[in-house]
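Undergrad: Output the structure for:
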Amino acid sequence: MDSQQNTFHNYLASTIMLILIGWGGLFTVLYLSLPFVWARWGFFVFVIMALTGIALPIVYFLHRRFPAEPPSESNVIVRQALWVGVYGAALAWLQLGRLVTLYVILGLAGGLIAAEYFIRIREKANRRLPDFTDDDSP
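TA: Prediction:
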């Protein structure tokens, strides 16, 4: 964990900025622009930002409520909130082709959860173990 206490104040500015830019951008794209290519790409970027901003306090709360050993670092919390934004944008993109079904929703969620699981396993494996050797021994 970081040297300082991991509190929600560390995420507050990011959360507010992501929510304001994400939802404000979505409003602008949906109501004040024409459906051209750049507006469509902007839509997906703003969906990721808006959903990440909404998910960040929820993910933080879940990590505080169900702590892991060792406690999760801030990059894990931000990454997991970003997965929510990517998931929502991927579903929106698939909906353009009318490809979203229950199996696609569950399969995509399962794939993202599996990816996060394997990332966490790799992080735990790369974590250095403390050195318990006694330097004062003869």
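Undergrad: remind me, longest helix of this structure?
TA: Longest helix of the chain, by residue count under DSSP state H: helix 37-65.
Undergrad: Quick check: buried residues in that helix?
TA: By neighbour count with 16 or more other CB atoms under 10 Å, helix 37-65 contains the buried residues 42-57, 59-60, 63. Using the backbone N, CA and C atoms, a C-beta is placed for each residue, glycine as well.
Undergrad: from the middle of its chain, how far away would it be?
TA: 7 Å (CA atoms, centre = their mean, to the nearest Å).
Undergrad: any idea of the mean pLDDT for that helix?
TA: In this model, helix 37-65 carries a mean pLDDT of 96.
Undergrad: C-terminal to it, which secondary structure element comes first?
TA: helix 74-96 (DSSP states H and E).
Undergrad: That following helix - contacts with which helices or strands?
TA: If you count contacts as 3 or more CB pairs under 8 Å, 6 or more residues apart in numbering; DSSP states H and E, helix 74-96 packs onto helix 9-32, helix 37-65, helix 102-126.
Undergrad: hmm, who's touching that helix?
TA: 2, 6, 10-11, 14, 43-44, 47-52, 54-56, 58-60, 63, 100, 104-105, 108-109, 112, 115-116, 119-120, 123 (CB atoms under 8 Å, 6 or more residues apart in numbering).
Undergrad: same thing but 7 Å
TA: Residues outside helix 74-96 that contact it (CB atoms under 7 Å, 6 or more residues apart in numbering) are 2, 6, 10, 44, 47-49, 51-52, 55-56, 59-60, 63, 100, 104-105, 108-109, 112, 116.
Undergrad: Going by neighbour count, list what's buried in that helix.
TA: Neighbour-count burial for helix 74-96, counted by 16+ other CB under 10 Å, picks out 74, 76-78, 80-91.
Undergrad: And that helix, how far out from the chain middle?
TA: Worked out by CA atoms, centre = their mean, helix 74-96 lies 6 Å from the chain centre.
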